[in-house]
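Trainee: could you work out the structure for the sequence below:
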Amino acid sequence: MKTADKALVRLNLGMVAFFACAGMILAQAGHAAGNGAPSGAHFNLNIIGVAKGKTASMDGSSGHRIFVSLEGSTQIKLGEGEFAVIDGNGTDGLAKFQLPNPDPMNSGITTYSVYARALGKPGGSSTMTTCATDPLTGELYCSLNQLVSFRSGGKESFTNVSRSLLYVYADINADGVVDRVPLFSDLLQDYYWQYDNQGLKLLQLRFYPIGTDVR
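Mentor: Here you go, the predicted model:
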């Protein structure tokens, strides 16, 4: 077996361990269900918009939700590791979420995928942008590929948003070409999601142990 193939096998086995540690029953992901999401095991994260700020400490939470202001911005800092909400109170402007490295070799094929849908009262919307800083210059880069969610009336379906949430697309080298930088790449540091809410009460994210080709 070639070295590259062995590395891929190790990555796949590592993802199985990530989802097993998250307390989910592992199953092979199949065809999309009626809600547009794949079938099978997944990690669920709810980003909940509230009109009034939370005062309770939510540090070290093992839950599956992050509270944000119904109107305003929250920075969701991202750490590398098993799926976990580290700070679930984003109503003070800061929250923290931990997730695995989605593309360690920057192959353009993710080791897991993210699906999203907007729920709650019709009319709300949000914009979610992946950002990071240059470790040498301190310059901030925010992805040109944003996740814009809008709660319309009727049934909402999940869509694959891996490209928007797992990578920063920006001209890092200042050569006029947009670069693709996966989360936790050494090219950048201090990764976070900038969540700008305009009345959306619930953004539901699901993380599945299946790959997405973003090339």
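
Trainee: C-alpha from now on. contacts and neighbour counts both.
Mentor: OK.

Trainee: low-confidence ranges, the protein, go.
Mentor: In the predicted model of the chain, residues 1-33, 55-58, 60-62 satisfy pLDDT under 70.

Trainee: show me where it has helices.
Mentor: 3-21, 162-165 (DSSP state H).

Trainee: so which residue is dead centre in the protein?
Mentor: Leu165 (4.5 Å; Cα atoms, centre = their mean).

Trainee: Gln75 versus the nearest residue to Asn145 once chain neighbours are set aside, what's the distance?
Mentor: Using Cα to Cα, 6 or more residues apart in numbering and skipping the chain neighbours, the partner closest in space to Asn145 is Ser164 (5.3 Å). Separation of Ser164 from Gln75 (Cα to Cα, to the nearest Å) stands at 16 Å.

Trainee: what do you get for His42?
Mentor: From His42 to Gln75 the distance is 24 Å (Cα to Cα).

Trainee: same check on Thr133?
Mentor: From Thr133 to Gln75 the distance is 14 Å (Cα to Cα).

Trainee: okay, those two: which has more neighbours?
Mentor: Gln75 (22 against 18; other Cα atoms under 10 Å).

Trainee: beta-bridge partners for the more buried one, please?
Mentor: Here Gln75 sits in beta bridges with Leu94, Gln194, as judged by DSSP bridges.

Trainee: do Asp179 as well
Mentor: Ala170.

Trainee: residues near it, how many?
Mentor: 16.

Trainee: cool, and Asp186?
Mentor: There are 10 residues near Asp186, going by other Cα under 10 Å.

Trainee: which ones are touching it?
Mentor: Not one residue lies near Asp186 by Cα atoms under 8 Å, 6 or more residues apart in numbering.

Trainee: from Asn197, how far out is it?
Mentor: 29 Å.

Trainee: go on, Thr129?
Mentor: Relative to Asn197, and taking Cα to Cα, Thr129 is found at 12 Å.

Trainee: go on, Glu139?
Mentor: In terms of Cα to Cα, Glu139 sits 25 Å off from Asn197.

Trainee: neighbour count: these two, which is higher?
Mentor: Asn197 (21 against 11).

Trainee: count of neighbours near Asp134?
Mentor: 15.

Trainee: pretty sure it contacts Cys142?
Mentor: No: with contacts defined as Cα atoms under 8 Å, Asp134 does not count as touching Cys142, sitting 11.0 Å away.

Trainee: list the contacts of Leu99.
Mentor: Leu99 neighbours (Cα under 8 Å, 6+ apart): Leu78, Gly79, Glu80, Gly81, Glu82, Phe83, Ala84.

Trainee: quick check: nearest residue in space to it, chain neighbours excluded?
Mentor: Nearest one to Leu99, counting by Cα to Cα, 6+ apart, is Phe83 at 4.5 Å.

Trainee: lovely, talk soon.
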